[in-house]
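just coords:
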């Protein structure tokens, strides 16, 4: 199977740091993507990891461990506008399609 | 600017009616996809196409049909056989098999 697991909901305070975890099946793995989706809108691309380690991009960072089938998205200095769903998606071998996780709904409170 | 255009933004369907959702891209991407999203849930793949004149069923293709006559266009028809079509429909395109860009979506409601 290609199950991807994420927590359903998370809550954090403005200015804080939050880590959103994602676990996936490791067979045929070819990259892990994170998307942000505000309610009623299309997902927008945040990050892509294909090698182990941390990728930093401003307030957002994404980490990958291929051997553990594990990734996380780290959001620093949270802002109210970060309230959204965060989807992780696993890419398979060429010709296969993305499999999206169910998404984690993040609420940032003042 | 390059991107994906979906239309209409909102669509209402009567019982027993077929409706077609438009998706056009000018990114020169080979692959195009249709996803369905239900409230509070993730994206589920309906159909995908990797080249012109070829397309494959995704996980939930029943009640839907597509065509890919041009590289730029990948319309989705929601047929009367789809018993629960109310959802948010997203079109996407990619290069090298990686989903990078989504359209703005069509919200379909059965009335």
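Perfect, I can see it now. Everything numeric here is computed off the predicted structure, so don't read it as measured data.

Next SSE downstream of the worst-scoring helix or strand of chain A on mean pLDDT?
Lowest by mean pLDDT, DSSP states H and E among the helices and strands of chain A is strand A:99-100, with a mean of 86. Sequence-wise, the next helix or strand downstream of strand A:99-100 (DSSP states H and E) is strand A:104-109.

which residues are contacting that next one?
Under the criterion CB atoms under 8 Å, 6 or more residues apart in numbering or on different chains, residues A:6-14, A:18, A:20, A:75, A:78-80, A:82-87, B:40 lie in contact with strand A:104-109. (Each C-beta comes from the backbone N, C-alpha and C, glycine too.)

starting at the chain centroid, how far to that strand?
In this view, strand A:104-109 has its centroid 13 Å away from the chain centroid, taken as CA atoms, centre = their mean, to the nearest Å.

now do stretch A:35-44
For stretch A:35-44, the separation from the chain centroid amounts to 12 Å (computed by CA atoms, centre = their mean).

Please check the contacts of strand A:104-109 and keep the buried ones.
If you count burial by 16 or more other CB atoms under 10 Å in any protein chain shown, the buried members of the contacts of strand A:104-109 come out as A:6, A:10, A:12, A:18, A:20, A:75, A:78, A:82-87.

Next step: these restricted to strands.
Judged by DSSP state E, the buried ones among the contacts of strand A:104-109 include A:10, A:12, A:18, A:20, A:75, A:84-87 as members of strands.

could I get those as TSV with distance to chain B and pLDDT?
Output for those, formatted as TSV (distance: CB to the nearest CB, whole Å; pLDDT from 0 to 100):
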residue	distance to chain B	pLDDT
A:10	14	98
A:12	19	97
A:18	19	98
A:20	14	98
A:75	19	98
A:84	13	97
A:85	9	96
A:86	11	97
A:87	6	95
